[in-house]
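> predicted structure and sequence below. I'll ask about it afterward.
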Amino acid sequence: MKSRFLFSLIFCLTMIVMGGSGSCGSPVTLMPAKGVPAKGVPAKGVEACQPGRAVFLVASDPGVVQWQGATANLESAIKAANEVNGEVWVAQGTYLNPNVSLRKNTLLIYGGFTGKESKCTERPKDDSAFAKTVWRGGGIRLFDDLEKVEINGFSFDKMEISSSSRQPWMMVNSILNGVDFISFDSEVDIMNCLFTNLKEIKIHGGGKITDSQFFNNEATRYLISLNQSSLEMDNVVLEGNKASSLIGGYKMVTIKNSLLRNNKVEFYLSWAYTHFINTVISGNTMVRFGEDESVLVNVTAVANQISAKSSVVLGYTIINSILWENKFEFDDRSEIYNPYNTAFVYYSNLQYLNRGLRSQHPFGDKNIDADPQFVDFENGDYRLQATSLCLGAGISNFKGFVIPDANQEGTPWPKKNPNMGAY
């Protein structure tokens with residue numbers, strides 16, 4: 001994976017689940033300290049994250065920060081900032097049961113501060129700072145026509161985040177642990193976030209998820225439910241999740257530069273109309289990768305446990321990919337079940353290429369059946385050795401499909417043509 005992820009936050013997340021003690025902050029009440037504003041007032045002499053906006057300061061213990069005029073009441077500060085289209089800076093600490101419902105203007109809240117900054121750019125950049133700004137209980141509920149929403153730098157624990165606003169909104173640099181997450185109508189932009197211990201993530205307005213991780217969630221149906229909307233996922237890890245299907249109920253999903261590993265699903269990793277690009281799919285237990293009309297481009301799909309007779313089904317298009325060492329429940333296994341000539345495979349490395357029903361209907365050109373020569377298959381290193389036949393064996397321009405010009409790590413292909421697989 002190219003970008004950083006939030007693995008370093010697992011320790012702090014454990015501390016949060018155990019009660020928020022230690023280095024991730026200590027629980028506090030929301031009563032203001034003596035002499036401290038109860039509702040918050042605009043700060044003076046600070047440079048806002050969003051230029052020109054009033055800034056309201058919040059600290060779990062205003063008496064120990066350098067900020068002047070900070071309040072301990074996060075809920076009231078957010079409401080006061082909302083009235084004047086301002087923004088809220090929140091110092092590291094734990095805030096219990098804030099409940100915020102907004103219908104107009106803006107919601108701009110930034111966590112991770114130490115309580116001494118006078119410029120937004122002075123806020124710590126490391127993920128651990130955001131993990132120490134804990135919002136536990138309560139909820140954020142967005143309605144109607146908020147003009148702008150950005151939630152940046154928090155650890156949300158066992159609370160609700162929901163939006164029926166018609167405007168796009170953004171969540172950045174945050175942990176969501178045991179959160180009810182629902183976005184009904186609005187498009188969402190999620191960046192550098194960790195989702196864990198969630199039952200379902202509803203993104204009914206579609207949008208984008210980048211540089212994020214979904215870890216150890218358990219859903220009764222879909223982990224990510226889209227309700228006929230579209231979603232783009234880039235540089236995302238889905239690992240250790242359980243669900244009927246990881247993603248479902250959508251028009252179109254694009255998953256690129258990502259890792260789907262060790263998930264257990266009852267049916268498909270995702271439903272129809274999914275484009276996997278530069279993605280590794282490994283160690284999952286499932287029926288199949290997906291349903292009809294899906295596309296795999298430069299995908300490495302290995303060591304999955306598959307209970308159907310094939311990895312993929314009718315209507316698939318597979319280009320520049322490797323399907324190898326997938327384990328099947330049935331003896332007559334085949335990577336692709338293609339009795340009606342509706343699976344199209346080109347420039348790919350498929351184990352069992354000439355086995356089973358596939359041989360009845362040829363389905364593409366320049367496919368091979370050869371050991372990919374992974375660097376370390378047993379330990380999940382699916383990069384290719386220098387002698388691999390998959391190096392430069394792909395195609396760079398094919399029937400209008402988007403072919404990446406670099407591998408999953410962002411390294412340009414070593415030869416004129418792309419490799420087979422994600423590396």
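In hand now; what should we look at? Numbers count the residues shown, from 1 in each chain.
> rest of the way, CA atoms for contacts and neighbours
OK.
> residues near F398, how many?
By the other CA atoms under 10 Å criterion, the neighbourhood of F398 contains 11 residues.
> name the residues linked to it by a beta bridge.
Legend: beta-bridge partners of F398 under DSSP bridges are F401.
> state the phi and psi torsions of L74.
Phi and psi for L74, reported as degrees, to the nearest 10, are phi -60, psi -40.
> give the bridge partners for the residue nearest to it when sequence neighbours are not counted, please.
For L74, ignoring the flanking residues on the chain, the nearest one in space by CA to CA, 6 or more residues apart in numbering is V58 at 6.0 Å. Beta-bridge partners of V58, counted by DSSP bridges, are T71, V90.
> show me the contacts for V58.
Shown in contact with V58 (CA atoms under 8 Å, 6 or more residues apart in numbering): 40, 70-74, 77, 88-91.
> redo the residues you listed as CSV? Include distance to L389, neighbour count and pLDDT.
Compiled in CSV, these are given as follows (distance: CA to CA, whole Å; neighbours: other CA atoms under 10 Å; pLDDT from 0 to 100):
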residue, distance to L389, neighbour count, pLDDT
G40, 65, 26, 65
A70, 63, 32, 95
T71, 64, 29, 95
A72, 62, 28, 96
N73, 62, 25, 96
L74, 59, 32, 96
A77, 61, 28, 96
V88, 56, 29, 98
W89, 54, 29, 98
V90, 54, 28, 98
A91, 54, 30, 97
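> closest to M252 among those?
Sorting those by distance to M252 puts V88 at the head of the list, at 35.6 Å, by CA to CA.
> quick one: the closest one from S294, how far?
Spatial separation of V88 from S294 under the definition CA to CA, to the nearest Å is 43 Å.
> now do the end-to-end distance for stretch 409-423.
End-to-end distance for stretch 409-423: 7 Å, by CA to CA.
> so for it, what gets flagged as buried?
By 16 or more other CA atoms under 10 Å, the buried positions in stretch 409-423 come out as 413, 418-423.
> then stretch 109-124?
When neighbours are counted by 16+ other CA under 10 Å, the buried residues of stretch 109-124 are found to be 109-115, 117-118, 120, 123.
> what would the contacts of V58 look like in a markdown table with distance to T285?
Formatted as a markdown table, the entries for those read as follows, by distance: CA to CA, whole Å:
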| residue | distance to T285 |
| --- | --- |
| G40 | 51 |
| A70 | 51 |
| T71 | 50 |
| A72 | 47 |
| N73 | 46 |
| L74 | 43 |
| A77 | 47 |
| V88 | 44 |
| W89 | 43 |
| V90 | 42 |
| A91 | 42 |
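> just checking, A54 touches A80?
No. Using CA atoms under 8 Å, A54 is not in contact with A80, being 10.3 Å away.
> surely R141 and S162 touch.
Yes. R141 is in contact with S162 according to CA under 8 Å; the separation is 4.9 Å.
> who touches both of the two?
Common contacts of R141 and S162, defined by CA under 8 Å, 6+ apart, are absent altogether.
> contacts only, for D157.
Under the contact definition (CA under 8 Å, 6+ apart), the residues listed for D157 are 16-17, 134-137, 176-179.
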